[in-house]
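Q: missing the sequence, but the structure's below:
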Ligand SMILES: NC(=O)C1=CN([C@@H]2O[C@H](COP(=O)(O)OP(=O)(O)OC[C@H]3O[C@@H](n4cnc5c(N)ncnc54)[C@H](O)[C@@H]3O)[C@@H](O)[C@H]2O)C=CC1
Ligand SMILES: O=C(O)[C@@H]1CCC=N1
């Protein structure tokens, strides 16, 4: 029997589904502890087969849960909050929002001032237990922050930050998955040009990227420290690296992250 809290994930798209998968894979809870909602439940047939509860009734899903995870798009949120407001009991429910650009106060403005809200910004690597999740709250009790930390720690790393940095965390960590994947894709395309088949080039680039990230995380070192070990004098690494910098490699990554952070703050329109 599961001792986990009944959880409703409202909006089971890319991140909602990845989170559900990750929580079950890590044994945080059983599929039957989670109700997945979506407007068209036909899209959740496979998840129902796996033992998740599925529903298109957000109000009922909230009424049947104690933890409510909001995972719709920012532009879909107000309709959802209007629907569930009557089912939220501040004494019973903890609301967790993974929605970019929406503050805890924005959510309370719709659900009631007493409701405890925690924002969490995971990324899609949550499905395999490798998320970098940032969490923030302006009113949740320590016990609830601890529970959210525990939940997301089962599916990756967790850092608690100030809420005003949440849009920055979105750009660096959530959007960041796409940025690094594009870098791996570009490396593999380069690999094809210099002689490898596409599938092997992609595998080689991905494992190389994983090794590079692991060097930083496991040795606790700085990128330049590790780069210095690769760049032999008059060698081929520094030639390639400097050419990339001449073409704006670091600059384009920095500018992209700044634009994403700005955009993350503009995604939600209060009504
Ligand atoms: N995709 C990502 O990597 C990340 C996304 N986020 C945030 O998570 C949220 C969802 O993003 P995605 O999963 O990418 O979008 P998505 O479009 O894949 O998922 C949203 C889901 O919500 C469903 N939905 C919409 N209105 C609904 C309603 N009233 N009731 C039930 N379901 C409803 C949609 O059918 C869809 O399946 C966004 O706010 C985004 O900012 C946060 C971190 C990472
Ligand atoms: O692209 C987006 O808006 C969402 C938020 C972070 C990742 N995906």
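A: Structure received. None of these values were measured; they are calculated from a predicted model. Residues are numbered from 1 along each chain as shown. Ligands and ions are numbered 1, 2, ... in the order given.

Q: Which neighbouring elements make contact with the longest helix seen in the chain?
A: When the chain is parsed with DSSP state H, its longest helix is helix 198-219. Where contact means 3 or more C-beta pairs under 8 Å, 6 or more residues apart in numbering; DSSP states H and E, helix 198-219 is packed against helix 175-193, helix 223-230. Heads up, the C-betas are built off the backbone N, CA and C, glycines and all.

Q: give me that answer again for 6 Å
A: helix 175-193 (3 or more C-beta pairs under 6 Å, 6 or more residues apart in numbering; DSSP states H and E).

Q: any idea of the mean pLDDT in the helix it packs on?
A: On average, the pLDDT along helix 175-193 is 98.

Q: Could you check the angle that helix makes with helix 198-219?
A: 130 degrees (axes from the mean of the first three to the mean of the last three C-alpha atoms, to 10 degrees).

Q: If we go by neighbour counts, what in stretch 144-157 is buried?
A: Within stretch 144-157, the residues scored as buried using 16 or more other C-beta atoms under 10 Å are 144-145, 147-149, 151-152, 154-156.

Q: same thing with stretch 113-127?
A: 115-127.

Q: Spell out which two among those are the most distant pair, please.
A: 115 and 125 (29.2 Å; C-beta to C-beta).

Q: sorry, back to before: so can I have a markdown table of the buried residues of stretch 144-157 showing secondary structure and pLDDT?
A: Below are the buried residues of stretch 144-157 laid out as a markdown table (DSSP: H, G, I helix; E, B strand; the rest coil; pLDDT from 0 to 100):
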| residue | secondary structure | pLDDT |
| --- | --- | --- |
| 144 | helix | 96 |
| 145 | helix | 97 |
| 147 | helix | 95 |
| 148 | helix | 97 |
| 149 | helix | 97 |
| 151 | helix | 95 |
| 152 | helix | 96 |
| 154 | coil | 94 |
| 155 | coil | 94 |
| 156 | strand | 97 |
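
Q: And those, which is closest to residue 224?
A: Among those, residue 156 lies closest to residue 224 (C-beta to C-beta), at 25.7 Å.

Q: Quick check: the closest one vs residue 22, distance?
A: Residue 156 sits at a distance of 8 Å from residue 22 (criterion: C-beta to C-beta, to the nearest Å).

Q: Equivalent analysis for residue 127, please.
A: 5 Å.

Q: mind giving me the domain split of this protein?
A: Here the domain parsing of the chain from automatic domain parsing is 7-161, 170-264.

Q: Could you point out which of the ones you listed sits nearest residue 270?
A: Set against residue 270 and scored by C-beta to C-beta, the domains of the chain come closest in domain 7-161, at 6.3 Å.

Q: end-to-end on the closest one?
A: 24 Å (C-alpha to C-alpha, to the nearest Å).

Q: Which residues are in contact with each of residue 156 and residue 22?
A: Here residue 156 and residue 22 share the contacting residues residue 129, scored by C-beta atoms under 6 Å, 6 or more residues apart in numbering.
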